[in-house]
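Asks: A structural model of the following input is requested.
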Amino acid sequence: MSARDEILAAVRDAVATARRPVEVPALERPERAGDVDLFAERVADYHATVVRCGAGEVERAIVAALPAEGSVVVPDGLPYAVPGAVRDDGLPAVELDRVAAVVTTSTVAIATTGTIVLSHGPGEGRRALTLVPDLHVCVVRADQVVDDVPAAVRRLDPGRPTTWVSGPSATSDIELDRVEGVHGPRTLHVILVG
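Replies: Reported below is the predicted structural model:
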């Protein structure tokens, strides 16, 4: 018997006598509504702007968040009217870099981390749309705020790409000097509805 055969025989013996894994039931926790005030506080901690408004005030809040000059792009399926905005039709990154702002909705938001999750469906656009323009205005409804990451993951479709946003793009060098806008929007403006 060769060394290879000896090793494979030892592996077969070990597998044959090994205990089978025990079935561990999944821990199901009831989903609680997320603390909207905590979410707003955590988002603001990331140097993002948070504006709270009622459902009838969203479009006014969007207009107030946009820069006075420059173009604005919106994804298909955005449920709000944005005056003068251009619909994204697959603009290349070079053209998106010239856009002043993008307005999107979100899929879910996490109170404990101040994170917004986009799954790039209707109203949310593609990844490049939310990462290239300098200003991202994101509308989050209060009923989308969940308590923690596991609750957020349960609301997501595992077959869809996601982008997790915790404040404006930022990085720090070795001296811990914070620089914003290096690899994403320099400014995040969250409109929290409800």
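Asks: separation between the nearest residue to Val63 once chain neighbours are set aside and Val36?
Replies: Nearest-residue entry for Val63: Pro83, 6.7 Å, with adjacent residues in sequence omitted and distances by CB to CB, 6 or more residues apart in numbering. Bear in mind the C-beta positions are built from the backbone N, C-alpha and C, glycine included. Remark: distance between Pro83 and Val36 (CB to CB, to the nearest Å) = 28 Å.
Asks: between the two, which one's more packed in?
Replies: For Pro83 and Val36, the more surrounded residue by other CB atoms under 10 Å is Val36, and the numbers stand at 20 against 9.
Asks: Next, the more buried one: phi, psi?
Replies: Backbone torsions for Val36, taken as degrees, to the nearest 10, come to phi -60, psi -40.
Asks: I figured it was touching Ala142, is that so?
Replies: Yes: in this structure, Val36 is within contact of Ala142 by CB atoms under 8 Å, at 4.9 Å.
Asks: so what sits against both of these two?
Replies: Leu192, Gly194 (CB atoms under 8 Å, 6 or more residues apart in numbering).
Asks: what ranges do the helices span in the chain?
Replies: For the chain, the helices defined by DSSP state H cover 3-17, 36-45, 58-65, 93-96, 127-131, 149-155.
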